[in-house]
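In: build me a structure from this.
(2 chains)
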Number of protein chains: 2
Amino acid sequence: MTSDLYERGLGHTVANHQPLTPLSLLSRAAHAHPERLAVVHGESRCTYRALYERCRRLAAALSRRGIGVGDTVAVMAPNVPAMLEAHYGVPMAGAVLNALNIRLDAATIAFILEHAEAKLLITDREFSPVIGDALARLARRPIVIDIDDPLARGGARLGEADYEAFLAGGTPDFAWQAPADEWQAIALNYTSGTTGNPKGVVYHHRGAFLNALGNALAWGMTGRPVYLWTLPMFHCNGWCFPWTLSALAGTHVCLRRVEAPAVFRAIAEHGVTHFCGAPVVLNMLTNAAAELRADLRSGVEVMTAGAAPPPAIIAAMEAMGFRVTHVYGLTETYGPAVVCDWHPEWDDEPPEGRARRKARQGVRYPVLEGLGVFDPASLQPVPADGRTMGEVMMRGNIVMKGYLKNRAATEEAFRGGWFHSGDLGVVYSDGYLELRDRSKDIIISGGENISTIEVEGVLYQHPAVLEAAVVAKPDAHWGEVPCAFVALKEDAGAVEGQALIAFCREHLAHFKAPRYVVFGALPKTSTGKIQKYVLRQRAAKV
Amino acid sequence: MTSDLYERGLGHTVANHQPLTPLSLLSRAAHAHPERLAVVHGESRCTYRALYERCRRLAAALSRRGIGVGDTVAVMAPNVPAMLEAHYGVPMAGAVLNALNIRLDAATIAFILEHAEAKLLITDREFSPVIGDALARLARRPIVIDIDDPLARGGARLGEADYEAFLAGGTPDFAWQAPADEWQAIALNYTSGTTGNPKGVVYHHRGAFLNALGNALAWGMTGRPVYLWTLPMFHCNGWCFPWTLSALAGTHVCLRRVEAPAVFRAIAEHGVTHFCGAPVVLNMLTNAAAELRADLRSGVEVMTAGAAPPPAIIAAMEAMGFRVTHVYGLTETYGPAVVCDWHPEWDDEPPEGRARRKARQGVRYPVLEGLGVFDPASLQPVPADGRTMGEVMMRGNIVMKGYLKNRAATEEAFRGGWFHSGDLGVVYSDGYLELRDRSKDIIISGGENISTIEVEGVLYQHPAVLEAAVVAKPDAHWGEVPCAFVALKEDAGAVEGQALIAFCREHLAHFKAPRYVVFGALPKTSTGKIQKYVLRQRAAKV
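Out: Below you'll find the model as predicted:
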């Protein structure tokens, strides 16, 4: 029988139990560092005192319009201050932030606004054409507020008020409340959904708080970071970094468009110390003109995820003086939940070896309780042999609350008590995991699995290759064979497909080498991922 | 009416909700960094793989003896590996760790073992005399296990088994379980209790996890810290650092006795990067012989708390090349919960100004939800004028679960929804708080409050003063007047009390200067704090 010695008279009180919420981090930053620079955007500057006031104004203005617990507020904006403020102001009103992917089409946006039952939409002028179209499709139009950013290109105002006027209607001392329960929703993020309707991933305050701290720990962020917004905030709430920065009272440097000159300029002008980006962003920087990179000071920290980064891209970034931290996660895990936690002894390896190490996804965040690569049928872990593939699964407090209004998909995702990532990977003898493919992307050729990530990693080593993607092409004899799609560098000159195939055969088991190579620009999803399902359709016709 | 849009079908599952526990940090460190050095003790070395195995053995061995949820395991030991292992092994068995203060007398230890209903006691050989005496006083003797540390001085074995043999009876692959609820108790720490019986402060897994991360964030700990155990682990579980280090896979350097030569030697030998200590420890180091300090590399991080550090001690530490972080908390707040979060612009101030800034207690940890200085009657915040005193109060997840078997004291401590620290302080216009006194230590002279901390701060500026404490002496005319007790430095030569009084009058409002000065060694509590209640008794007789 269990004693209740430690329970009698020792329950929760408001003195010793408060809901975990990232909102608490902003109020702390504003109290401790009111004059510190919180946000840079173009010529505008905002201190932590002002940021906190603006967020409370937003919460107050939302409350005045009847927005509260359980209501959805959608935002369509690039990385501008209003988007950052929504990460605090919306949940301070008790509501749920639905950050829309700015690259979506009107039909999808209309689907999301309807599915999310959005009560209010804050939208940047530049996106008025697509938003106007989306709103016209809705049976019930939400309240619309326009962000009239001087840096926006074109567009028109659509709503009843300008964002600044809307804020002016709220009081800066609004007495926001922490959520009654830390399990309360804070954000809603729709997956890009390559097929079918997107699913709405729900985050809660507990998970957002924990991953905000998890980022700082996993990345070793201290001091007063200056963080450049190269990663879209609509992507898993910018991997929770809008909240992480408050924990450190760091500075946000906004960026409407991610282009190499703007990134290098921001690093030089604002002393940027940290930024995040998918491998495509890194690739853009390593292929930038030499004069852009001339004054790059070394030691800028870069976190990458969103797709498995080819070792060649990591090596090129580090050769430029960036320090790359590789993380991995999904929309369903609040962004990064796994980190290639570096061993100092790996520093002594040659650059290619280091890059291969760093291209592995690694181990769990300190705030993730469980991670494994399992046989999806038996839920038994695969042997740590670096070869046996299984499905990557997670469990813990930075796994989503579930899919909005989709009990079946939620239960399917959590079957067996683990979140099923849909990613296939292996575990090395040192316990680090490495992705091999999305389960739908893997190629099975003559009964053998071929990891498209592995083949792409080799293609990226070729000096002429800018981008590469490998997909399955149906084959009467082998079932499937690899087909490579390749974009060449501008200065690459003429390269034959056969030369690339030969290059792959030099570096891979021969059956893994592509049988076909197609040259040209690669189609990308709205979050910058290469659209393999489009390439599969093309490959079938090659 | 609140919508339940974000609740339907979105409840807890084992996939997305796990109890927060610091035990998860050790299993992660052992997985990610199995070969990393976890513990140094004398000539012995232990990797994270081995540490995790030893902790699981301990949990298994405890389980075999019937120890489980709700049971208390007491440990009487200095900072040796077994004490560190108990921080994991005991809660892995579901039990609660009661780390005993090694300076306590037999009667108090007997009281604690009985009050805590300890089922098992792990005790270091060196303390066998006092423990033998304590055990003889008990009606029911717990199971006793001896730590037979080769570095222990003298003593005898008292128990049924040696710690190593006990561990050998447990399996290294013990399938420990996280607590069913993160509110489950993990540790029990008795306050030193200057009057009356000590109170048992109960910690839960949630708070221990959060403050483990809070320490890393507040101190800016990254990389692979090498942490020297100058702070007793029996003191608020070493301020939660046994758990913090696992989050960073850092190295623990054990230390049985805190003496200046051993501290400087450990820094040089093991590359210590961080250590914690009360101001008395810092004072010991700044007064150490010059040859000991000769090879001190600069940049070692020091965290201090446990008493308000006089600015002069901070300045002396920084002059030696240490970087001091000042934190503040109580046993009831898992150790540090408040930090003097540094503003970079303060770096430009002269050393004395910097030290005065740093002597302030500061602002809340990122993992503490509420902190304020309030009028204890009205619970209204005092004005942020740097002068108006109130009681420091905290609220949040790193406030204790409560006092064991003491509902009245728990309710009293939490009245009004805030934890009442019993410390008096002021708030400056920049929002930083500064302690003025324990509420029982403040001197009221002619109706004016005199902060003994302020007067002591001036005394510490005098070059001849090693230690100083100021207490109230009853006075027929003024009610109370300040009486100083001073220990002089060895090489100080002759100093007159009148000279010290004159020195204070130069630096303070005259009514605050001591009327009496008494020279001699100062009495200390078992945690190294000066025993002001003893001095008050002496002062009354001066």
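In: can you tell me how far the residue nearest to A:Ile143 when sequence neighbours are not counted is from chain B?
Out: Leaving out its chain neighbours, the residue that sits closest to A:Ile143 by C-beta to C-beta, 6 or more residues apart in numbering or on different chains is A:Leu120, at 4.3 Å. (C-beta placed from N, C-alpha, C; glycine too.) Distance from A:Leu120 to chain B, counting by C-beta to the nearest C-beta, to the nearest Å: 14 Å.
In: in three-state terms, label A:Leu120 for me.
Out: When classified by DSSP: H, G, I helix; E, B strand; the rest coil, A:Leu120 comes out as strand.
In: where in chain A is pLDDT low?
Out: Within chain A, the segments meeting pLDDT under 70 span A:1-2, A:192-195, A:527.
In: list the buried residues of the lengthiest helix in it.
Out: Determined from DSSP state H, the single longest helix within chain A is helix A:48-64. Neighbour-count burial for helix A:48-64 flags A:48-63 (criterion: 16 or more other C-beta atoms under 10 Å in any protein chain shown).
In: restrict those residues to contacts with chain B.
Out: Among the buried residues of helix A:48-64, no residue lies close to chain B (C-beta under 8 Å from any C-beta of the partner chain).
In: what's the closest of the residues you listed to chain B?
Out: Closest approach to chain B among these (C-beta to the nearest C-beta): A:Arg49, at 10.5 Å.
In: I'd assumed A:Pro34 was in contact with the closest one.
Out: Yes - assessed by C-beta atoms under 8 Å, A:Arg49 is found in contact with A:Pro34 at 3.7 Å.
In: need the contact list for the residue nearest to A:Ile143.
Out: Contacts for A:Leu120 were tallied using C-beta atoms under 8 Å, 6 or more residues apart in numbering or on different chains; they are A:Leu62, A:Arg65, A:Ile67, A:Asp71, A:Val73, A:Ala74, A:Pro142, A:Ile143, A:Val144, A:Ile145.
In: let's see that with 7 Å instead.
Out: By C-beta atoms under 7 Å, 6 or more residues apart in numbering or on different chains, the contact set of A:Leu120 is A:Leu62, A:Arg65, A:Ile67, A:Val73, A:Pro142, A:Ile143, A:Ile145.
In: returning to what we had before: next, the angle from the helix or strand following the longest helix of chain A to helix A:48-64.
Out: Following helix A:48-64 in sequence order, the next helix or strand is strand A:72-76 (DSSP states H and E). Here strand A:72-76 points in a direction 130 degrees away from that of helix A:48-64 (axes from the mean of the first three to the mean of the last three C-alpha atoms, to 10 degrees).
In: packing partners of strand A:72-76?
Out: Contacts defined by 3 or more C-beta pairs under 7 Å, 6 or more residues apart in numbering or on different chains; DSSP states H and E place strand A:72-76 against helix A:81-92, strand A:96-99, strand A:118-124.
In: other residues contacting it?
Out: A:62, A:67, A:83, A:86, A:90, A:95-100, A:102, A:113, A:116-124, A:127, A:131, A:188.
In: quick one: strands adjacent to it?
Out: Using DSSP bridges, strand A:72-76 pairs in its sheet with strand A:96-99 (parallel), strand A:118-124 (parallel).
In: angle of that strand against helix A:81-92?
Out: If you take the same axes, to 10 degrees, strand A:72-76 sits at 170 degrees to helix A:81-92.
In: quick check, A:Lys529 in contact with A:Ala307.
Out: Yes - with contact defined as C-beta atoms under 7 Å, A:Lys529 reaches A:Ala307; the gap is 5.7 Å.
In: up against chain B, what does the stretch 251-400 of chain A have?
Out: Proximity of the stretch 251-400 of chain A to chain B, by C-beta under 7 Å from any C-beta of the partner chain, involves residues A:Asp341, A:Pro344, A:Val363, A:Arg364, A:Pro366, A:Glu369, A:Arg395, A:Gly396, A:Asn397, A:Val399, A:Met400.
In: now do the SS call for the first one.
Out: Secondary structure for A:Asp341, judged by three-state DSSP, is coil.
In: for B:Leu20, see how far away it is.
Out: Distance of A:Asp341 to B:Leu20, given as C-beta to C-beta, to the nearest Å: 20 Å.
In: can you map out the strands along the stretch 351-500 of chain A?
Out: For the stretch 351-500 of chain A, the strands defined by DSSP state E, counting those that start in this stretch cover A:363-364, A:370-374, A:390-395, A:402-403, A:419-427, A:433-438, A:443-445, A:448-450, A:465-475, A:479-488.
In: one step back: with just CA atoms, put the longest helix of chain A into CSV.
Out: Presented in CSV, the C-alpha positions along helix A:48-64 are these (Å, rounded to 0.1, in the frame of the first residue of the first chain):
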residue,chain,number,x,y,z
TYR,A,48,10.8,45.3,-24.3
ARG,A,49,8.7,47.8,-22.4
ALA,A,50,7.0,48.9,-25.6
LEU,A,51,6.7,45.4,-27.0
TYR,A,52,4.9,44.2,-23.8
GLU,A,53,2.6,47.2,-24.0
ARG,A,54,1.8,46.6,-27.6
CYS,A,55,1.0,43.0,-26.9
ARG,A,56,-1.3,44.0,-24.1
ARG,A,57,-3.0,46.5,-26.3
LEU,A,58,-3.6,43.8,-28.8
ALA,A,59,-5.0,41.5,-26.2
ALA,A,60,-7.2,44.3,-24.9
ALA,A,61,-8.4,45.2,-28.4
LEU,A,62,-9.2,41.6,-29.1
SER,A,63,-11.1,41.2,-25.8
ARG,A,64,-13.2,44.3,-26.7
